[in-house]
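Enquirer: whatever this is, show me its structure:
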Amino acid sequence: QVQLVESGGGLVQAGGSLRLSCAASGLTFRLYTMAWFRQAPGKEREFVAHAGWGGNSRSYAESVKGRFTISRDNAKNTVYLQMASLKPEDTAVYYCAARRFTTSGEYDYWGQGTQVTVSS
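Expert: Numbers count the residues shown, from 1 in each chain. Next up is the predicted model:
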């Protein structure tokens, strides 16, 4: 049974930092592309960042480029999202997702989400 468990969310002031973690189990982590998405109240879920299964590819939404950094530790089956210079518009539930390297498009597995609230 695949599980993705996010942690590290919380309340932070604008300009502050947070690091989210997503611990994966039940899958061969190194064979999965990992990503972070977020969903703000009343808005659709949006892509934030991805870290390719091979470890070489990264991509970010324009809105977070230069402020957020995604990384992965295959030995710990964990993907991280380091968030800096946080803005109130970053407030959302953040989800991690996993997609097997053999597929593209939709992600196969999702976590339950962790709330990030940025106060102005």
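
Enquirer: what pairs with residue 69 across the strands?
Expert: Beta-bridge partners recorded for residue 69 (DSSP bridges): residue 82.

Enquirer: ok, it touching residue 82?
Expert: Yes: using C-beta atoms under 8 Å, residue 69 is in contact with residue 82, at 4.4 Å. Bear in mind the C-beta positions are built from the backbone N, C-alpha and C, glycine included.

Enquirer: show me where this structure has strands.
Expert: 3-7, 10-13, 18-25, 32-39, 46-51, 58-60, 68-73, 78-83, 92-100, 109-110, 114-119 (DSSP state E).

Enquirer: can I get those strands in a markdown table including mean pLDDT and mean neighbour count?
Expert: Shown next, in a markdown table, are the strands of the chain (pLDDT from 0 to 100; neighbours: other C-beta atoms under 10 Å):
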| stretch | mean pLDDT | mean neighbour count |
| --- | --- | --- |
| strand 3-7 | 98 | 17 |
| strand 10-13 | 98 | 13 |
| strand 18-25 | 98 | 19 |
| strand 32-39 | 97 | 23 |
| strand 46-51 | 97 | 20 |
| strand 58-60 | 96 | 14 |
| strand 68-73 | 97 | 18 |
| strand 78-83 | 98 | 22 |
| strand 92-100 | 97 | 22 |
| strand 109-110 | 98 | 16 |
| strand 114-119 | 98 | 17 |
